[in-house]
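Student: Take a look and give me a structure for this.
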Amino acid sequence: MNSVDDSDKLIKQLELVIKSYLDIYTIQPSLETLHSDVLGQARVASLGAIICITVDFTIKYGCNIDEKYLSTLSKEDLQERIKILSKTIELAENSDSNDMNIFQEGIKFMHDGSTQKYLLNYFAREFNWIIVSLLSSSYISAFILMRSIFELIIGIATRTTGGMVDRIQSISCFNLEEQKNIKDLWYRLCAWAHPYGKWIKEICPIFIKYKPIYHPTLFLSCLNELTAIVDLFVVILMEKYKLNHKKLKKAYINGKIDLTNLLLFKSRA
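Tutor: This next block holds a predicted model:
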């Protein structure tokens, strides 16, 4: 047998190993979740659909210029940006120019003054992995990833730096009670980042010892936190990208989305 045949044989063996591994750690527990909690998995599917619809809607209709951020800049800063951007346009129209410093600075200003829609794709990608983790009973992974996308959401909402509390309080579209609930959500998610805290206190060592299996209490806890994150995400995108609430709601209704648990979104109807 030649080296090509040996390579093909090895690849086929590895394919079987990978398929078996994925079956044990993702497919089997996901199917168990489905049969154990049909309504819960329907909620998960609904949240996934909300993210897809909202991201697509924002990319298509959301504003591209971060007017709120630009309005905080001084008159001198704005004049300097206009000057550099004007020169950048001139350079782009002049193929003989080699002044890359001005061009790069102009690109930097355009990026800085944008609403940075590309961040939505990062959110969508990691959100999908949260769903995979949740359905496959990898609850700790789901909580840890939720903390990361929560932080990303706040980064989309505000350019305020410093601690998370200060950043949340700088988001003016939320009232004091809503800000308190958002901070409480952050604290709960942060607790899962420490293995000697929530991991051991909330997840039985016997349960974690075995292959992934559906756990009704942990599943519901994950699902509720994820719902709160999706609700937060939707409202922040509405405010940041100036989305039309009625049209967005219509898109959800057309997609037969259950909005029952999106309390922040519903309060703004």
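
Student: low-scoring pLDDT stretches of the stretch 51-200 of the chain, where are they?
Tutor: Under the criterion pLDDT under 70, the flagged ranges of the stretch 51-200 of the chain are 78, 82-112.

Student: Run through the helices of it in chain order.
Tutor: Ranges of helices in the stretch 51-200 of the chain, per DSSP state H, counting those that start in this stretch, are 67-70, 75-93, 100-112, 118-135, 139-157, 164-169, 176-191, 200-202.

Student: Contacts for stretch 27-36, please.
Tutor: With CB atoms under 8 Å, 6 or more residues apart in numbering as the test, stretch 27-36 has contacts from 40-41, 135-137, 211-214, 216, 219. Bear in mind the C-beta positions are built from the backbone N, C-alpha and C, glycine included.

Student: What of stretch 127-139?
Tutor: Contact with stretch 127-139 is made by 25-27, 29-30, 32-34, 41, 44, 47-48, 51, 141-142, 145-146, 149, 203, 212-215, 218-219, 221-223, 226, as judged by CB under 8 Å, 6+ apart.

Student: How about stretch 175-193?
Tutor: Contacts for stretch 175-193 (CB under 8 Å, 6+ apart): 140, 143-144, 146-147, 150, 164-165, 168-169, 171, 174, 197-199, 225, 228-229, 232, 264.

Student: What lies in contact with stretch 43-53?
Tutor: Contacts to stretch 43-53, defined as CB under 8 Å, 6+ apart, come from residues 123-124, 127-128, 131, 134-135, 223, 226-227, 230, 233-234, 251-252, 255, 257-258, 261-262.

Student: Pull out the buried positions in stretch 238-246.
Tutor: For stretch 238-246, the neighbour count (16 or more other CB atoms under 10 Å) marks 238-241, 243 as buried.

Student: Sorry, slip of the keys, the one I care about is stretch 175-193.
Tutor: Those would be 178-179, 182, 185-186, 188-190, 192, for stretch 175-193 by 16+ other CB under 10 Å.

Student: Also stretch 254-269?
Tutor: Buried, per 16+ other CB under 10 Å, within stretch 254-269: 257, 259, 261-262, 264-265.

Student: how distant is stretch 220-240 from the center of its chain?
Tutor: Between the centre of stretch 220-240 and the centre of its host chain there is 9 Å, according to CA atoms, centre = their mean, to the nearest Å.

Student: how much space between the spatially most central residue of the chain and Ile153?
Tutor: Geometric centre of the chain, nearest residue: Phe123, 2.8 Å, by CA atoms, centre = their mean. Separation of Phe123 from Ile153 (CB to CB, to the nearest Å): 7 Å.

Student: what sits in contact with each of these two?
Tutor: Phe233.

Student: from the middle of its chain, how far away would stretch 127-135 be?
Tutor: The chain centre lies 11 Å from the centre of stretch 127-135; the measure is CA atoms, centre = their mean.

Student: Ignore what I typed, I meant stretch 68-83.
Tutor: On CA atoms, centre = their mean, the centre of stretch 68-83 falls 30 Å from the chain's centre.
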